[in-house]
Every structure is written in C-alpha cells, then in structure tokens.
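Here is the input, now give the coordinates:
(one chain, ligands or ions: 2)
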Amino acid sequence: ATGPIDLPSTGGWQSWVTTGIEGVILPEGEVTFRVVFDRGGSNLHFFRFLNARPDTLLPFRVLSAVTPELGDVVYLSLNKRVTAPATLQAGDFTLYQGTAEVEIDSITIGGPGGRVLAIHSSLPLFYNQSLKISYRGNTIYHGDQSLSAVSMLAIQNHLARHYPLPARIQAENFYRNSGLELENCLDAGGGLNTGYANAGDYLDYLVYVPEAGDYDLHFRIATERYNARLRIQKEAPGGFGTLGDVSFDRTGGWQNWTTQSAPVNLEQGKYLLRLLVTGEEHNLNWIEFTDPVSIGEQAVAGGFTILPNPATDRVTIIREPVGSKPSRFEIIDAAGKIMYTGRPGIDRLDLDVSGWRDGLYLVMLKGPGIFRVQKLLLGR
Ligand SMILES: [Ca+2]
Ligand SMILES: [Ca+2]
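Residues are numbered from 1 along each chain as shown. Ligands and ions are numbered 1, 2, ... in the order given. Now for the predicted structure:
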C-alpha cells in the first residue's frame, strides 16, 4: 500500500490536473494493483509510472496506520519487508488512545510480502477515539536499512461502534441483520422496530462489557404469537456460544409493547452478541442491559470510594489498600470515550470535572487480577 493520497480540488468534473506520489515500490514481474477510493468525489483519467530507480535508494518507512472494523489491533503498512529482528519488541512502539498511552501486547508480521506489522493492544480500542502511534527507530531492519522513526502518526480509525454496557440499544442499530425487516414503531419514543422474525433469522450487536457479571437484559417486545423465542449468543473464535434462551409472552398485538426480561452472564470485553430467532414471530423495539453495580455502592474491599456521587464540578476518588499491585484508574463516558487514564499506583485523584457533560460515567480500577467498576453521576 502507498498510504492515503490527498487529491487537489480542480474546480470541475472535467478540469484535469496531474498529481502524483513518490516512491511506490513495485516487485519485478506481473503486478496487479488496486486503486482504493477512501473518499468519493473524483474522476480518474489515467495513471503512469515514471522515473524507475532501484528501491535501495528509498528509505525504509511506514506508509500508513489503520485499524480494522473489529479487533483491538493497528496495522502498520511498510514500504519494504522486515528482515530483522525475528521477534519485534512492543517497547519500540508507543500507542496512544486519546491522550492515554495504551500498552502494546504483541507485534506480529503479516500482510502480502510481510510488509504489515499488526500492533495488538492490551486494552480495548474504541471507534470514537483519536489513535496515534510512534516508533522510536533503530531496531527494525530491511537488510541494512533501519525503519525510519515516526512520531504521533495518526491512525485511520475504522473501528465499529461497540455499545458500552449498561446501555439501551435500539433494535434497528444492529451491526448485522439476517432476515429481519424494519418498520415504523408505535411504541413510546417512536423510531423503528424489527419485524418478520422467522426461526434462523438473527440480529448482531457490538457491545463493550467493562465488568463481567450477571446483567438483566430487557426486551421491548410485541407479538401475537404464543411461542416467540430468542437465543442469545456470543461470538467466539470458531463459532457462536449460547448464553441463554428467552421465551416471550404474547402481548396481543404487533404494536402492543411490553418489556420482558432475562438474566444474562457476560464476560468482560468487546465482542459481538447475536439474537437468534428460534421460535415464532415477534417484533423488537429495543434491548436494554442493566448493570449489576448500582449507584451509591461504594467502598468494596480492595475497591475505591467516589466522593461526592452524584458530583458537580469536582470529584475525589480514593483507592482502598490493594497491596503492592500496580492498579490504575480509568474513567469512560456513556459512549465509551476515555475521559481519564491514570498512572499506576496513584491512590487518590482530585479531578476537575466541570468541563464534562452531565450524565453517567464508569470509573474503573484496573491492574493485574484487579478489576473494579463503579458508576459516577454528574448532574448540575
Ligand atoms: Ca424474516
Ligand atoms: Ca427502536
């Protein structure tokens, strides 16, 4: 890959200019290449390759950094293959999410010709975050050429939105839909619902579960049938595991809405949940996960205290003694945006939250073998 090329505005659909990119490395032999339009709105007449010269004259460098839609990984495209070292060191790179430094778990080499480095993050990466990466240089080689350093290179963030729980998710905000149709919803709040549910149809949702536990899952349901059923599944490597089955009571009309609930045990992490239709037809307006942690639940052993809660302009968070393990605080908003990441070992935070929006935040204490979550409510 060459990395993105910015095209100039030419002032008309038939006003032509020539623009170019330097240092495109082509292998010997027959080559198929692809032009990908990252953004629409250009006409292309022709291209040509000029000024061939040996690739040894070009520096070894990073072309682009990009995330996939799913997964906590960043792909760095290089213009040449890595020949040494055989094992790449995570410490040679620094990954940033927002202003927080994110620990890199491992780095693997892949892609066509071994010219892509997959940087695996140890923490979840989110769709609405600014991601950047730096490489300090002098440790990765193509032959005797050292990979040029990069500083705070912007990563093209293509991550799909994962709903941080607890959350209400509209049925129509699925990630994938197989077999269901959307219709106008006459329930409170309007919007859309899914309908025409047949056995084997499914809806997939992307969620981020900050804390493992038994969640209550509420379904906003309307059905004229007596045997409407769903299976809740979680995507895992190699297939889908079943988390539970839910049977719905008849509501007496296709727009007669009731809330029906089932418990579901969720592991911590970012993943895909599937609602697989296993029974008769029903309509779904939304689903809502409610959290096992309630507001005001504080000072659990090895946890922390939030004062005051609800808060307005300032909040103090005090960690209980947790031994010598290096835990740290992280705070995210209801959309999963990281508002604060602390350094390990800080026991007391005094935060100015006057610039934060009113609403719910999750305060997490994380460390080896430690994961505690509490809700923080801001209201003025
Ligand atoms: Ca269907
Ligand atoms: Ca809806």
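
need the residues of this protein near ligand 1, please.
179, 196, 198, 201 (Cβ under 5 Å from the ion). Every residue, glycine included, has its C-beta placed from N, CA and C.

So what does the closest residue in space to the second one that isn't next to it in sequence have for phi and psi?
By the measure of Cβ to Cβ, 6 or more residues apart in numbering, the closest residue to Tyr196 outside its immediate chain neighbours is Glu181, 4.5 Å from it. In terms of degrees, to the nearest 10, the main-chain angles of Glu181 are phi -120, psi 160.

count of residues packed around Glu181?
Per other Cβ atoms under 10 Å, the neighbour tally for Glu181 reads 12.

State the distance from it to Gly189.
Plainly put, Glu181 is 20 Å away from Gly189 if you go by Cβ to Cβ, to the nearest Å.

hang on, Gly303 packs against Phe371?
No - Gly303 is beyond contact range of Phe371, at 10.2 Å (criterion: Cβ atoms under 8 Å).

Among the two, which residue is more densely surrounded?
Gly303 (18 against 14).

Tell me what the residue nearest to that one when sequence neighbours are not counted is bridged to.
Excluding its sequence neighbours, the residue lying closest to Gly303 (Cβ to Cβ, 6+ apart) is Arg372, at 4.5 Å. Beta-bridge pairing for Arg372 (DSSP bridges): Leu365.

What's the local residue count around Leu365?
By other Cβ under 10 Å, the residues close to Leu365 number 21.

quick one: contacts for it?
By Cβ atoms under 8 Å, 6 or more residues apart in numbering, the residues touching Leu365 are 303-304, 319, 322, 327-329, 371-373.

Would you mind checking which of those is nearest to ligand 1?
Distance to ligand 1, by Cβ to the ion, is smallest for Val373 among the contacts of Leu365, at 37.5 Å.

so that closest one touches Tyr361, yeah?
No - with contact defined as Cβ under 8 Å, Val373 does not reach Tyr361; the gap is 10.6 Å.

So which of the two has more stuff around it?
Tyr361 (23 against 20).

just to revisit the earlier point, ok, the residue nearest to Tyr196 touching Asn198?
No - counting by Cβ under 8 Å, Glu181 stays clear of Asn198, with 10.5 Å between them.

Can you name the residues that contact the closest residue to Trp356 other than its chain neighbours?
Leaving aside its chain neighbours, Trp356 sits nearest to Leu378 (5.8 Å; criterion: Cβ to Cβ, 6+ apart). Contacts for Leu378 were tallied using Cβ under 8 Å, 6+ apart; they are 310-312, 353, 356-359, 361.

Which of those fall in strands?
Of these, the ones assigned to strands by DSSP state E are 359, 361.

separation between Gln260 and Leu153?
Gln260 is 49 Å from Leu153, by Cβ to Cβ.

Isn't Pro263 up against Ile232?
No - between Pro263 and Ile232 there is no contact under Cβ under 8 Å: 10.3 Å.

Pick out whichever of these two has more residues nearby.
Legend: neighbour count by other Cβ under 10 Å for Pro263 and Ile232, higher for Ile232 (20 against 12).

what sits against that one?
217, 242-246, 262, 264, 273-276.

Tell me the one of these nearest Asp92?
Leu273 (36.2 Å; Cβ to Cβ).

quick one: the closest one is in a helix?
No - under DSSP: H, G, I helix; E, B strand; the rest coil, Leu273 falls outside any helix and is assigned strand.

That one reaches Val207, doesn't it?
Yes - applying Cβ under 8 Å, one finds Leu273 in contact with Val207, separated by 5.7 Å.

Settle it for me: which of these two has more neighbours?
Between Leu273 and Val207, Leu273 has the larger neighbour count (other Cβ under 10 Å), namely 24 against 20.

that older thread, common neighbours of Pro263 and Ile232, please.
Common neighbours of Pro263 and Ile232 are listed as 217, 244 (criterion: Cβ under 8 Å, 6+ apart).

what's the domain layout of the protein?
With domains defined by automatic domain parsing, the chain comprises 61-154, 173-290, 304-378.

Reformat these as CSV; add distance to ligand 2.
Shown next, in CSV, are those (distance: least, Cβ to the ion, whole Å):
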stretch, distance to ligand 2
domain 61-154, 21
domain 173-290, 4
domain 304-378, 18
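
Any chance of JSON lines for these, columns distance to Gly23 and mean pLDDT?
As requested, the domains of the chain are exported to JSON lines (distance: least, Cβ to Cβ, whole Å; pLDDT from 0 to 100):
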{"stretch": "domain 61-154", "distance to Gly23": "7", "mean pLDDT": "93"}
{"stretch": "domain 173-290", "distance to Gly23": "36", "mean pLDDT": "95"}
{"stretch": "domain 304-378", "distance to Gly23": "36", "mean pLDDT": "83"}
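
and those domains as JSON lines, adding distance to Phe49?
Output for the domains of the chain, formatted as JSON lines (distance: least, Cβ to Cβ, whole Å):
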{"stretch": "domain 61-154", "distance to Phe49": "15"}
{"stretch": "domain 173-290", "distance to Phe49": "40"}
{"stretch": "domain 304-378", "distance to Phe49": "44"}
